[in-house]
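Engineer: Mind looking at a prediction? Sequence and model below.
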Amino acid sequence: MALRDTLLCPKYRTPNPFPPARNCRNAGRKLVVSATAAAPGTRRRRPQNVEGEFFVDHRCIDCDACRWMAPEIFTRIDEQSAVIKQPSCEEERIKALQALLSCPTSSIHTEKPTKKILEVQKMFPLPVDEQTLPGVYHCGYHSESSYGATSYLVIHPDGNIIVDSPRFTGVLVCSIEKLGGARYMFLTHKDDVGDHEKWAKRLSCERILHSGDVEAHTADVEMQLYGDGPWSIGNDFELIHTPGHTEGSVCLYYKPLKVLFTGDHLAKSGKSELTFYEMYNRQSVSLQLKSIRKLLELDFQWILPGHGRRIKFRDNQEKNSVLEAFLSSKEPEYA
């Protein structure tokens, strides 16, 4: 099956009602005060944080984003994040500030405002791996309504694709516009749609979501997928229906770069093991395992998930070996 003409075609866009030169100039400057310095009495420092500049407050929702973005600085203590070590070099401090900006609940702070935050804001979207995944970026600015899910931007000559919705933030909007905007916003499933309406309106991008996951707040998406697929976007992208987590869960397979965007279908846990989120499933685990078995037929080396950690395999053979071992450990339990 194909989406329309199966190609990512250039699309006429109406003039931007918010000229980037004016709209981007001060985007995010308030974060120097509000997102960086903790407001007295409203954001209490967790006692599990070590002393020093950075800390996490009690509103942390345990989404794990800061812990994989800056693992040297943040860890999990008592089911929430905390600072285990203060940055000891410029690289670590930048990573900590990137995690601060990406935190979906603005639960990460510095004791005093820092102008460095303005420089770090402009770094997003962040390249995932410039050598093996050119043109694939981590958007940052995770959304609380998506429980801190990761959103990605794929730069493609036939039109860019945003995978799941980041928080709609002025500085990120401007950065993505400078990279060419987006032709599509692909929504892997109904949990991670975030600020999809604001992004679609600003970028004039077409949203894609499986009909099984369409709800009242996504009823106006431009493209609904029906049936079991697979569907294609041009020659380079294939959409793989992987029900289990939700009825309409779909993975995006970027064939030339051998990368699979999995949403909440499959990821790596903090213990370096494959995982999925069976406690949050809307459908049966056995159905999800069948969907995972589909992935044996695809040739990919990267898994970029919405939740959990990224996975890079040496080659397709290792990927299949790991998947087979995972399925062998799970399938008897849910037979």
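Structural biologist: Yes, it's here.
Engineer: Who are the contact partners of the spatially most central residue of the chain?
Structural biologist: The centre of the chain sits closest to residue 150, judged by C-alpha atoms, centre = their mean, with a distance of 1.7 Å. Applying C-beta atoms under 8 Å, 6 or more residues apart in numbering, we find residue 150 in contact with 65, 138-139, 142, 164, 304-307. All C-beta spots, glycine's among them, are computed from the backbone N, C-alpha and C.
Engineer: Let's have these in JSON lines, adding secondary structure and pLDDT.
Structural biologist: Output for the contacts of residue 150, formatted as JSON lines (DSSP: H, G, I helix; E, B strand; the rest coil; pLDDT from 0 to 100):
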{"residue": "65", "secondary structure": "helix", "pLDDT": "96"}
{"residue": "138", "secondary structure": "strand", "pLDDT": "98"}
{"residue": "139", "secondary structure": "coil", "pLDDT": "98"}
{"residue": "142", "secondary structure": "coil", "pLDDT": "98"}
{"residue": "164", "secondary structure": "coil", "pLDDT": "98"}
{"residue": "304", "secondary structure": "strand", "pLDDT": "98"}
{"residue": "305", "secondary structure": "strand", "pLDDT": "97"}
{"residue": "306", "secondary structure": "coil", "pLDDT": "95"}
{"residue": "307", "secondary structure": "coil", "pLDDT": "93"}
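Engineer: What are the buried residues along stretch 210-225?
Structural biologist: For stretch 210-225, the neighbour count (16 or more other C-beta atoms under 10 Å) marks 210, 212-214, 218, 221, 223-225 as buried.
Engineer: on that earlier part again, look up how far residue 122 lies from the residue nearest to the centre of the chain.
Structural biologist: Using C-beta to C-beta, to the nearest Å, we find residue 150 at a distance of 20 Å from residue 122.
Engineer: what do you get for residue 140?
Structural biologist: Distance from residue 140 to residue 122, by C-beta to C-beta: 11 Å.
Engineer: Distance from stretch 47-67 to the middle of the chain?
Structural biologist: Relative to its chain's centre, stretch 47-67 lies at 20 Å (C-alpha atoms, centre = their mean, to the nearest Å).
Engineer: picking up where we left off before, so which of the contacts of residue 150 is surrounded by the most neighbours?
Structural biologist: Within the contacts of residue 150, residue 142 tops the neighbour count with 30 neighbours, counted by other C-beta atoms under 10 Å.
Engineer: got the CA coordinates for stretch 82-94 in PDB?
Structural biologist: Below are the C-alpha coordinates for stretch 82-94, written out as PDB (Å, rounded to 0.1, in the frame of the first residue of the first chain):
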ATOM      1  CA  ALA A  82      18.500  12.700  40.700                       C
ATOM      2  CA  VAL A  83      21.900  14.300  40.200                       C
ATOM      3  CA  ILE A  84      24.500  11.700  41.100                       C
ATOM      4  CA  LYS A  85      27.500  13.800  40.100                       C
ATOM      5  CA  GLN A  86      27.900  17.400  39.200                       C
ATOM      6  CA  PRO A  87      29.500  18.200  35.700                       C
ATOM      7  CA  SER A  88      33.200  18.100  35.800                       C
ATOM      8  CA  CYS A  89      33.900  19.400  32.300                       C
ATOM      9  CA  GLU A  90      32.300  21.600  29.600                       C
ATOM     10  CA  GLU A  91      31.000  18.600  27.700                       C
ATOM     11  CA  GLU A  92      29.200  17.200  30.800                       C
ATOM     12  CA  ARG A  93      27.700  20.600  31.600                       C
ATOM     13  CA  ILE A  94      26.400  21.000  28.100                       C
END
